[in-house]
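Trainee: The amino acid sequence is not available; the structure is as follows:
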(Lines give C-alpha, C1' and ligand atoms only; values in the text may rest on other atoms or scores of the structure.)
Protein backbone atom coordinates (compact mmCIF):
# COMPACT_ATOMS: atom_id res chain seq x y z
CA UNK A 1 0.00 0.00 0.00
CA UNK A 2 1.27 3.44 -0.84
CA UNK A 3 1.36 5.94 1.98
CA UNK A 4 -0.27 9.34 2.16
CA UNK A 5 1.31 12.32 3.83
CA UNK A 6 -1.28 14.26 5.81
CA UNK A 7 0.60 14.78 9.04
CA UNK A 8 0.90 11.05 9.75
CA UNK A 9 1.72 8.06 7.59
CA UNK A 10 -0.41 4.95 7.92
CA UNK A 11 0.17 1.26 7.27
CA UNK A 12 -2.15 -1.29 5.72
CA UNK A 13 -4.31 -2.31 8.70
CA UNK A 14 -6.75 -0.37 10.86
CA UNK A 15 -5.76 3.32 10.84
CA UNK A 16 -6.48 3.79 14.56
CA UNK A 17 -4.01 1.03 15.42
CA UNK A 18 -1.29 2.47 13.18
CA UNK A 19 -0.83 5.95 14.63
CA UNK A 20 2.57 6.13 16.20
CA UNK A 21 5.24 8.72 16.69
CA UNK A 22 7.67 6.79 14.49
CA UNK A 23 5.24 7.16 11.58
CA UNK A 24 5.04 10.93 12.05
CA UNK A 25 5.50 12.68 8.75
CA UNK A 26 7.02 16.14 8.79
CA UNK A 27 5.56 16.92 5.37
CA UNK A 28 8.90 17.23 3.63
CA UNK A 29 10.69 13.92 3.87
CA UNK A 30 7.85 11.50 3.15
CA UNK A 31 7.27 11.82 -0.58
CA UNK A 32 8.49 8.33 -1.55
CA UNK A 33 5.60 6.18 -2.76
CA UNK A 34 2.81 8.68 -2.11
CA UNK A 35 -0.48 8.32 -3.89
CA UNK A 36 -1.77 11.40 -5.71
CA UNK A 37 -3.98 13.71 -3.67
CA UNK A 38 -7.44 13.05 -5.04
CA UNK A 39 -9.42 16.27 -5.04
CA UNK A 40 -12.91 15.98 -6.45
CA UNK A 41 -15.33 18.55 -7.83
CA UNK A 42 -18.92 17.37 -7.34
CA UNK A 43 -21.24 19.90 -8.89
CA UNK A 44 -24.28 20.40 -11.08
CA UNK A 45 -22.98 20.30 -14.65
CA UNK A 46 -26.28 19.79 -16.44
CA UNK A 47 -29.05 21.37 -14.37
CA UNK A 48 -30.12 24.53 -12.64
CA UNK A 49 -26.65 25.51 -11.35
CA UNK A 50 -24.66 24.53 -14.44
CA UNK A 51 -24.42 28.10 -15.75
CA UNK A 52 -22.52 29.57 -12.80
CA UNK A 53 -20.77 26.46 -11.53
CA UNK A 54 -20.62 23.41 -13.77
CA UNK A 55 -17.72 23.27 -16.14
CA UNK A 56 -16.40 26.65 -14.99
CA UNK A 57 -15.73 25.38 -11.48
CA UNK A 58 -13.90 22.42 -12.96
CA UNK A 59 -11.81 24.72 -15.14
CA UNK A 60 -11.06 26.94 -12.13
CA UNK A 61 -9.82 23.95 -10.12
CA UNK A 62 -7.63 22.77 -13.00
CA UNK A 63 -6.27 26.29 -13.48
CA UNK A 64 -5.43 26.52 -9.76
CA UNK A 65 -3.42 23.29 -10.00
CA UNK A 66 -1.62 24.63 -13.08
CA UNK A 67 -0.92 28.01 -11.43
CA UNK A 68 0.33 26.67 -8.11
CA UNK A 69 2.09 23.62 -9.47
CA UNK A 70 1.09 20.01 -10.01
CA UNK A 71 2.51 18.84 -6.67
CA UNK A 72 2.30 19.84 -3.02
CA UNK A 73 5.04 18.55 -0.71
CA UNK A 74 5.96 16.00 -3.35
CA UNK A 75 2.40 14.72 -3.74
CA UNK A 76 0.76 14.98 -7.16
CA UNK A 77 -2.62 16.74 -7.25
CA UNK A 78 -5.43 15.21 -9.32
CA UNK A 79 -8.74 16.91 -10.13
CA UNK A 80 -11.65 14.57 -10.92
CA UNK A 81 -15.25 15.65 -11.50
CA UNK A 82 -18.79 14.32 -11.42
CA UNK A 83 -22.25 15.71 -12.12
CA UNK A 84 -24.75 15.36 -9.25
CA UNK A 85 -27.56 16.74 -11.48
CA UNK A 86 -28.87 18.70 -8.47
CA UNK A 87 -30.07 15.41 -6.90
CA UNK A 88 -29.03 14.84 -3.27
CA UNK A 89 -29.39 11.06 -3.51
CA UNK A 90 -27.09 10.92 -6.55
CA UNK A 91 -24.58 13.23 -4.85
CA UNK A 92 -24.51 11.03 -1.72
CA UNK A 93 -24.02 7.93 -3.86
CA UNK A 94 -21.08 9.51 -5.69
CA UNK A 95 -19.57 10.94 -2.48
CA UNK A 96 -19.90 7.60 -0.66
CA UNK A 97 -18.05 5.81 -3.47
CA UNK A 98 -15.35 8.48 -3.52
CA UNK A 99 -14.81 8.49 0.26
CA UNK A 100 -15.22 4.79 1.06
CA UNK A 101 -13.95 3.05 -2.07
CA UNK A 102 -11.59 5.47 -3.79
CA UNK A 103 -10.22 7.17 -0.65
CA UNK A 104 -10.48 10.76 -1.87
CA UNK A 105 -9.05 13.60 0.19
CA UNK A 106 -11.46 16.39 -0.62
CA UNK A 107 -14.79 17.10 -2.36
CA UNK A 108 -15.54 20.68 -3.39
CA UNK A 109 -18.25 22.75 -5.05
CA UNK A 110 -21.36 21.32 -3.45
CA UNK A 111 -23.26 24.38 -4.67
CA UNK A 112 -26.85 23.38 -3.84
CA UNK A 113 -27.77 23.40 -0.15
CA UNK A 114 -29.74 20.15 -0.42
CA UNK A 115 -26.72 18.41 -1.94
CA UNK A 116 -24.26 19.96 0.50
CA UNK A 117 -26.32 18.97 3.54
CA UNK A 118 -26.80 15.42 2.29
CA UNK A 119 -23.06 14.92 1.65
CA UNK A 120 -22.21 16.58 4.99
CA UNK A 121 -24.51 14.12 6.79
CA UNK A 122 -22.78 11.23 5.02
CA UNK A 123 -19.35 12.51 6.06
CA UNK A 124 -20.49 13.03 9.65
CA UNK A 125 -21.10 9.29 10.13
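Mentor: Right, received. Where do you want to start? Quick caveat, the model's predicted, so the values are computed rather than measured.
Trainee: pull the longest strand from this protein.
Mentor: When the chain is parsed with DSSP state E, its longest strand is strand 75-83.
Trainee: partner strands of that one, parallel or antiparallel?
Mentor: Neighbouring strands of strand 75-83 in its sheet, by DSSP bridges, are strand 37-43 (parallel), strand 71-72 (antiparallel).
Trainee: residues making contact with it?
Mentor: 4-5, 31, 34-46, 58, 61-62, 65, 70-71, 94, 104 (CB atoms under 8 Å, 6 or more residues apart in numbering). C-beta: built from backbone N, CA, C; applies to glycine.
Trainee: Repeat the analysis, applying 6 Å as the threshold.
Mentor: Strand 75-83 is contacted by residues 34, 36-42, 45-46, 58, 61-62, 65, 94 when judged by CB atoms under 6 Å, 6 or more residues apart in numbering.
Trainee: Quick check: what element follows that strand along the chain?
Mentor: helix 88-96 (DSSP states H and E).
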